[in-house]
Structures are given as C-alpha cells and as structure tokens.
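S.K.: return atomic coordinates for the entry below.
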Amino acid sequence: MAQDDTTPKRVARRAFLKAGAATAAAGALGAATTAHAAAHAHKADAAMDPTMAMEPFFGEHQGGIVTPQQTHSYAAAFDLTTDKRDDVIALLREWTDAAARMTRGQSAVPGQTGDDTPPADSGEALDLGPCGLTITFGFGPGLFTHEGKDRYGLAARRPAALIDLPRFNGDQLVPAKSGGDLYVQACANDPQVAFHAVRQLARMGYGAIQMRWGQAGFLSGPRGKTARNLMGFKDGTNNPAPSDPALMSQFVWAGAEGPAWMQSGTYTVVRRIRITLEHWDRMQLGFQEQVVGRHKLSGAPIGKQNEHDAVDLAAVDKDGNPIIPDNSHVRLSNPGNNDGQRLLRRAYSYNDNTNFYIERWPPWRQETEYDAGLLFIAHQRDPRTAFVPINEKLSKFDMMNQFTTHVGSAIFACPPGAKQGSFIGAGLFEA
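M.R.: Numbers count the residues shown, from 1 in each chain. From the prediction side, this is the model:
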C-alpha cells in the first residue's frame, strides 16, 4: 500500500505531550525539521500504544483490506435515497475528505460551529488518537440499477464480477441485515473510534442516504497470532499472506479482466453468521475438532502438530478412513478442493446479547439464546470463481452447518484507493 505523504496538521494530545521535548528542540530548525521529529515521535508512540497507530488513507489500494487487523470494527450499509448523480458524487467527495481526516486522528470536519448549530463533529472520539483507523468503501449492485432503473447512468459500468449472490442452501437471510447500495467498513484499535467514523459519515449523508444495517465486531488475541472465533478455534489460519504482493495480485486485487475503474480494487462479500453457541458448547472436544478439521488448542490440522503445517487431504487412518473428515470445514474449504481458489478472510466476532431463536437442527429448541457469531468478511478478485463455488459446497456438506445460520448477506465492489485531491470511486463517474 502506498504511503500517505500528508503530514497530520494536528497531533493527538497524548502524542503531542510525549513528543513535546523533541518538537520544541526541533522548532528552531524550521517547520520541515519539526514535522520530521514529530513523525518519528509519533511512530515511537505507536509502537508502544496502539491508540497512536496511524494508517494512510490515500494510496493504490484502500486501507482495511490487507492492513493487519485491528481489534474492533463497525461495518454498515446504506441505501441511496436521492435520484441525482451529482448528490452521490458530492457525498463521496465529502466522505473522502472526512475519512482522510479521521484516519489521522482529527475530527471529521475542520473547525467549529456556532452555539446555534449542531457541532461539526459529535466529539466522542476526541483525544482518543488515530487508533490505527481504516475506512473502506464499497459499491453495491443497487448503485448501478435499482428496481430495474438506471438512476445514475452507471448500469453499463457495473462490473461483471459484482454479481447478485445466489441463495445458498440453509440461508435464512433477514432483509434488514442484507444488501445495501454503499458500504462503509471502519476498523480501529478502539470500538468508539470505529463507531464514531461510521456515525460521522452517516450524518453527512442525511437527505441522500438511509442506514440499511450496521454491525459491530471485535477481535481478540496476541498481536501477530491468529485470533480465535467464538467457537474457540483459530480463524483465518489458511489465509493467503496479505504481506505477499504476488498472492494479493493473484487472489485479491481486481485486474485488467474487469473495468479500468476497478483495477487494484477488490470484491467484498459480507455474511452475518449466527452461531448456536449453546448447542456447540455441549459437543465433545473430539467431535468439535472433527467438525472443523483442526486441533482446537494448537490450530494444527488433525494429525499434525503445528498451526501452519500443511493440510494433508490424502492422509488416512489404519482403517483407510480420511484423518480429516470428508465433511469437515477445513477439507471442504481447502484450495486443494476448490481449484486452487483462496479468499482473504478478515472476519470479526460479534455479540448482540440475546434474542429468540429456533434451532435448525436437533434438538430444535425454541428459546432465547445468544445472538452472537461471526461477521464474515472476505475479499477476492472474483466472487464467481472464489466465494460462490466455495460456499456452494460448504452450504451443502459442511458439518458446521448444524451450528451456524447465515442471516445476513451482501456484496460490494471496493474500488482502488483514492488519490489526493480526488475522491473514492472517482473513476466510476468519469465520462
């Protein structure tokens, strides 16, 4: 990802206090030297304090895709209510400016308003620092056609890869948790910073958009290690390495096969997957491991010792039975069973307290249970050859289905990163 060469105009209060001595000494050497010293102080602070981490907004690719995962997320989708193309462009320009500011730890809008007007920024993230905030934008199918109408003159520019997702076996999709014309994904090392970012963008869109759905997520675990989901298993072990440009080019970034405005972007599938934790928690450890296809403690494939040991799909036991079950999640989703295709998973767990629920599998209980699970986010070069065939197989044969239900679904074209002075998705609207 290209680095943002814009020096923050204001340093968050904690960073300023910590860097104060260095900044004062550098002041006599001129503004350039001062900025250089502040940047170094900020970098040192970020290494010690994740609230001081800062991710660039401008660049070849959008942040929040191959960026190392932050600890919290807030994803949201909006429906467009305006019929004017210029309104959409104006909103994206405003969003771009605000996102660039917020990722630097600044308020969404510069300056203050008078006492007789609403504040320019709601203020709940003041003094919290950048917190590694990234803001990722995406365009849903409804931006191109809505109820059969080409309302913005963009229908002919819809990428072929931005398909309408099919209905998969076992889907129990809730319309209020699915779809959307515009997508915003904010990830940060503080939940309030992530929510604040989406909140500001939503309030900027009053009159042109309305909220369709929003979902908070969290990720816990030691830095640099694979996080565990609410089932207690490591999630994302077999991801292609985001730090490998060749793998990202092969599996994640859109190329010349699609429209020019999407090159260096990606296609993002979002699924809200509810997990019946009460049912899962009663299962024996050995059965849980058979369902997943990995050892729970180490994360290693069944029969192996280490998390990143290669999955051996040909291994059998003394009776000739596969060591990794035929209907385990690992076997069915493995690239070796899917023409080599891979997804870049960037999932977060969620916990929305409790809700009434009817289980799909025995014992078919009807009661109030945890409304918790996985906000599955997967980036790929083309969902037609990646997510769709992989999930088609999983939805029919995966043992995990007896504990999970897909209740939300959406797909978005996430364009490449914005250039300074331009706005996100500008290439789509160019003549």
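S.K.: the nearest residue to Asn239 once chain neighbours are set aside pairs with what?
M.R.: Residue nearest to Asn239 in three dimensions, not counting chain neighbours: Arg345, with 5.6 Å by Cβ to Cβ, 6 or more residues apart in numbering. For every residue, glycine as well, the C-beta is placed using N, CA and C. Bridge pairing for Arg345 (DSSP bridges) gives the partners Ala378.
S.K.: OK, contacts around Cys131?
M.R.: Pro50, Thr51, Ala53, Gln70, Gly105, Ala188, Asn189, Asp190, Val193 (Cβ atoms under 8 Å, 6 or more residues apart in numbering).
S.K.: correction: Leu182
M.R.: Leu182 makes contact with Ala77, Phe78, Leu80, Phe137, Gly138, Phe139, Gly140, Leu143, Ile209 under the criterion Cβ under 8 Å, 6+ apart.
S.K.: what's the neighbour count on the spatially closest residue to the fourth one that is not a sequence neighbour?
M.R.: Closest residue to Phe137 apart from its sequence neighbours, by Cβ to Cβ, 6+ apart: Ile424 at 4.9 Å. A total of 26 residues lie near Ile424 under the criterion other Cβ atoms under 10 Å.
S.K.: and Ile424, how far from Leu91?
M.R.: Using Cβ to Cβ, to the nearest Å, Ile424 is found at 10 Å from Leu91.
S.K.: dump the contacts of Cys131 into TSV; add neighbour count as well.
M.R.: Listed next are the contacts of Cys131 as TSV, based on neighbours: other Cβ atoms under 10 Å:
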residue	neighbour count
Pro50	18
Thr51	21
Ala53	21
Gln70	24
Gly105	27
Ala188	32
Asn189	22
Asp190	20
Val193	26
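S.K.: of all pairs in the residues you listed, which one spans the longest distance?
M.R.: Distance extremes for those: the farthest pair is Gln70 and Gly105 at 14.0 Å, using Cβ to Cβ.
S.K.: now for the two: what residues contact both?
M.R.: Residues touching both Gln70 and Gly105 (Cβ under 8 Å, 6+ apart): Cys131, Leu133.
S.K.: which residue ranges of the stretch 101-250 of the chain form strands?
M.R.: For the stretch 101-250 of the chain, the strands defined by DSSP state E, counting those that start in this stretch occupy 134-139, 182-188, 209-218.
S.K.: mind listing what the second one pairs with, with the direction of each?
M.R.: Just to be clear, that refers to strand 182-188. Applying DSSP bridges, strand 182-188 is found paired with strand 72-80 (antiparallel), strand 134-139 (antiparallel).
S.K.: please identify the most buried of those strands.
M.R.: Mean neighbours per residue, mean count of other Cβ atoms under 10 Å, is largest over the strands paired with strand 182-188 for strand 134-139, with a mean of 26.
S.K.: what's the distance between it and the middle of its chain?
M.R.: Taking Cα atoms, centre = their mean, to the nearest Å, one finds the center of strand 134-139 at 9 Å from the center of the full chain.
S.K.: repeat for stretch 220-230
M.R.: Remark: stretch 220-230 is offset 16 Å from the chain centroid, using Cα atoms, centre = their mean.
S.K.: mark out where each domain of this protein begins and ends.
M.R.: As assigned by automatic domain parsing, the chain contains the domains 63-261+414-429, 275-412.
S.K.: mean pLDDT and distance to Tyr267 added to these, as JSON lines?
M.R.: Listed next are the domains of the chain as JSON lines, based on pLDDT from 0 to 100; distance: least, Cβ to Cβ, whole Å:
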{"stretch": "domain 63-261+414-429", "mean pLDDT": "96", "distance to Tyr267": "5"}
{"stretch": "domain 275-412", "mean pLDDT": "95", "distance to Tyr267": "5"}
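S.K.: now the ones you listed as a markdown table including distance to Thr268?
M.R.: Shown next, in a markdown table, are those (distance: least, Cβ to Cβ, whole Å):
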| stretch | distance to Thr268 |
| --- | --- |
| domain 63-261+414-429 | 5 |
| domain 275-412 | 5 |
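S.K.: can you report how many residues lie near the residue nearest to Asn239?
M.R.: With other Cβ under 10 Å as criterion, Arg345 counts 19.
S.K.: gap between it and Ala155?
M.R.: Note on Arg345: its distance to Ala155, by Cβ to Cβ, is 31 Å.
S.K.: do the same with Gly373
M.R.: Distance from Gly373 to Ala155, counting by Cβ to Cβ: 35 Å.
S.K.: these two: which is more packed in?
M.R.: Shown here are Gly373 and Ala155; by other Cβ under 10 Å, Gly373 has more neighbours (26 against 14).
S.K.: which ones are touching the more buried one?
M.R.: By Cβ under 8 Å, 6+ apart, Gly373 lies in contact with Leu230, Arg272, Ile273, Arg274, Ile275, Ser349, Tyr350, Thr404.
S.K.: skipping adjacent residues, who's closest to the first one in space?
M.R.: Which is Leu230. Ser349 (5.1 Å).
S.K.: in the helix or strand the one you found falls within, what counts as buried?
M.R.: Assignment of secondary structure by DSSP states H and E places Ser349 within strand 348-358. The neighbour-count check on strand 348-358 (16 or more other Cβ atoms under 10 Å) flags Tyr348, Ser349, Tyr350, Tyr357 as buried.
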